[in-house]
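**Q** Sequence plus the predicted model coming up.
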Amino acid sequence: MGISTMEERLARLRGYLEQALVPQRLDIVDHTEAHGHDPQANGAGHYLIRVVSSRFDGLSAIGRHRLVYEAVAPMMPADVHALSIQAQTPAEAGTH
Amino acid sequence: MNDALVSQIETLLKSQPVLLFMKGTPDFPMCGFSAKVSGILKESKTPFATVNILEEPELREGLKVYANWPTFPQLYIGGELVGGCDITVSLHQSGELQRLLEASSNKVDQPA
């Protein structure tokens, strides 16, 4: 069967984000339950992504969000319906 | 994406200074993120138009490619993609959104 468990999904999501963004910090919060009422989601997940990466240096909010969405594109729309994204550069996050 | 769809999108974007592509309508939003953004626009007291992409499947897929943005809502001001829910909320909190909205409605009010 093609349906992955919540844990597998989370691990794959983390894997794609780490590969593409090489983040200094990455927190993923599963908000799927909170949006479980959304008939458009068809069982795909909602996740809050807090990510600090030097790949965001010099990029606008739009550009940063596009990078995050590109990273997880293989999981959309089957496993990921939508993301909430908080994308910071290392300088903004004070992790330098 | 075919040319007809691109020109349909461009005509739509030119026709409305503030245009929100959303799931449902401001009165009956079908998704929490769409509800949030249309709520912020209502609160802004500036005019805006919406398109319910649930009723426009071809437009919905076309916009994802056109905007290089895979989700809805999508908010456009002056024909430019401002962002989805997160970016709109953050611009709203900083006051920047109100400035953008007022600037775009002033443009419309000026005689041609």
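**A** Sure thing, it's come through. Numbers count the residues shown, from 1 in each chain, chains lettered A, B, ... in the order given.
**Q** which parts of chain B sit against chain A?
**A** B:23, B:30-33, B:54, B:68-71, B:81-87, B:90 (CB under 8 Å from any CB of the partner chain). Where you see a C-beta, it was placed from the backbone N, CA and C, and this is true even at glycine.
**Q** buried ones in the lengthiest helix in chain A?
**A** When every helix of chain A is counted residue by residue (DSSP state H), the longest turns out to be helix A:6-21. Neighbour counts over helix A:6-21 (16 or more other CB atoms under 10 Å in any protein chain shown) mark A:Arg9, A:Leu10, A:Arg12, A:Leu13, A:Arg14, A:Tyr16, A:Leu17, A:Ala20, A:Leu21 as buried.
**Q** Let's have the residues you listed in JSON lines, adding distance to chain B and pLDDT.
**A** Shown next, in JSON lines, are the buried residues of helix A:6-21 (distance: CB to the nearest CB, whole Å; pLDDT from 0 to 100):
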{"residue": "A:Arg9", "distance to chain B": "17", "pLDDT": "92"}
{"residue": "A:Leu10", "distance to chain B": "19", "pLDDT": "93"}
{"residue": "A:Arg12", "distance to chain B": "17", "pLDDT": "96"}
{"residue": "A:Leu13", "distance to chain B": "14", "pLDDT": "96"}
{"residue": "A:Arg14", "distance to chain B": "19", "pLDDT": "97"}
{"residue": "A:Tyr16", "distance to chain B": "14", "pLDDT": "98"}
{"residue": "A:Leu17", "distance to chain B": "15", "pLDDT": "98"}
{"residue": "A:Ala20", "distance to chain B": "15", "pLDDT": "97"}
{"residue": "A:Leu21", "distance to chain B": "16", "pLDDT": "98"}
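**Q** burial count for B:Ala4?
**A** 10 (other CB atoms under 10 Å in any protein chain shown).
**Q** SS state for it?
**A** What DSSP: H, G, I helix; E, B strand; the rest coil gives for B:Ala4 is helix.
**Q** Kindly report the same for A:Ser84.
**A** strand.
**Q** Pairing partners for it in the sheet, please.
**A** A:Leu48 (DSSP bridges).
**Q** so it touches A:His31, yeah?
**A** Yes. Judged on CB atoms under 8 Å, A:Ser84 makes contact with A:His31 at a distance of 7.0 Å.
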